[in-house]
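> Following is a predicted model, sequence given first.
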Amino acid sequence: MQVPSPTPVILLLALAAAGSAAPASAAAEPEGGTLVRFQMNAPSLGEDKRNVRVYLPRSYETPAGAARRYPTVYLLHGWPGTEGNWPGEGRVTRTLDTLIAAGRIPEVIAVMPSAVGIGLLGRSMYLNSYDGSQRMEDFIVHDLVAWADRTFRTEARADRRAILGLSEGGSAAVNLAFKHPDVFGACGSHSGDFLLTRGMGEGKILGPEPGATRLLQENSPLLYVDRIGPTLRGMTIYFDCGLDDHDEIAQNRELDRKLTALGIPHTYREFPGGHTWGYWRTHVRDALIALLSPMR
């Protein structure tokens, strides 16, 4: 298979394909897409080798798909974590294959960046740090999106881009979309925080007071959503939280109440479970359907 090559390809992994051996009584596996590992230039981070994994749908390199462009979903990992978590622990490539085969979502390009940063155990919070030494927000919103649109046949407009994350990545997906509705037309979160407070491993990111608190407040949707409500009315918004996720569920319910009071359409759901890969792996399908089915 040929893949776009403005940046070096490190690893090519073929996903499940039709015709794989299975018991006669078992349902056939959906025909799969392809997962590719790249290293891309990330000027906002001062790097020329930032890891990114990209899922390309099955038709991407076929003659029938050669003239097509595709919507894009950006998948943000949690902390500690890497770009390999979504296809690994999250098994998201299998979920994408299944939903595409069933016609629940369109064929889509999924972009999974590394957001390892300067904090403890690679924490980044997906923020631009107080001193500019880490500009992770700029990397995601500017470098990554521009690279994907330049490298792949994407539909390069906001209403054909979604961003989805889990835990710290879920907080970031909502925050980045709310702050940049000109870039992302849909956002989703599993188990996110929407009122950021000081925690472990953040000193290099937030810096000293009073600037640290100000930076947290500027990136807490619960504190600023009232001011930006009108800009969100055309956005597809989905978020969920586990009933046993006691640290996050109150903030998720509060965001639901605020969006409802502002008259902003959205979907909020609660499911049994907690802050675990078992929960996220199960419910990523709900988020993908909510965010991508309108793009069919």
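Okay, I see it.
> Tell me which helix or strand the most centrally placed residue in the chain sits in.
Residue closest to the mean C-alpha point of the chain, counted by C-alpha atoms, centre = their mean, is residue 75 at 2.4 Å. Under the criterion of DSSP states H and E, residue 75 resides in strand 72-76.
> picking up where we left off before, what separation do you get for the residue nearest to the centre of the chain and residue 196?
Here residue 75 is placed at a distance of 21 Å from residue 196 (C-beta to C-beta, to the nearest Å). For every residue, glycine as well, the C-beta is placed using N, CA and C.
> number of nearby residues for the spatially closest residue to residue 181 that is not a sequence neighbour?
Sequence neighbours aside, residue 231 is the residue nearest to residue 181 in space, at 5.1 Å (criterion: C-beta to C-beta, 6 or more residues apart in numbering). The number of residues packed near residue 231 is 15, by other C-beta atoms under 10 Å.
> and what of residue 243?
When neighbours are counted by other C-beta under 10 Å, residue 243 registers 12.
> Wait, it touches residue 271, no?
Yes - with contact defined as C-beta atoms under 8 Å, residue 243 reaches residue 271; the gap is 6.9 Å.
> Any figure for the gap between residue 262 and residue 162?
21 Å.
> Which parts of the stretch 151-296 of the chain are strands?
For the stretch 151-296 of the chain, applying DSSP state E, counting those that start in this stretch gives strands covering 161-166, 186-190, 236-242, 267-271.
> Name the residues of stretch 153-163 that are buried.
153, 154, 155, 158, 160, 161, 162, 163 (16 or more other C-beta atoms under 10 Å).
> For the third one, which non-adjacent residue is closest in space?
Distances taken as C-beta to C-beta, 6+ apart put residue 69 closest to residue 155, at 4.7 Å, once the chain neighbours are dropped.
> mind listing what the one you found touches?
The neighbours of residue 69, taking C-beta atoms under 8 Å, 6 or more residues apart in numbering as the test, are 153, 154, 155, 156.
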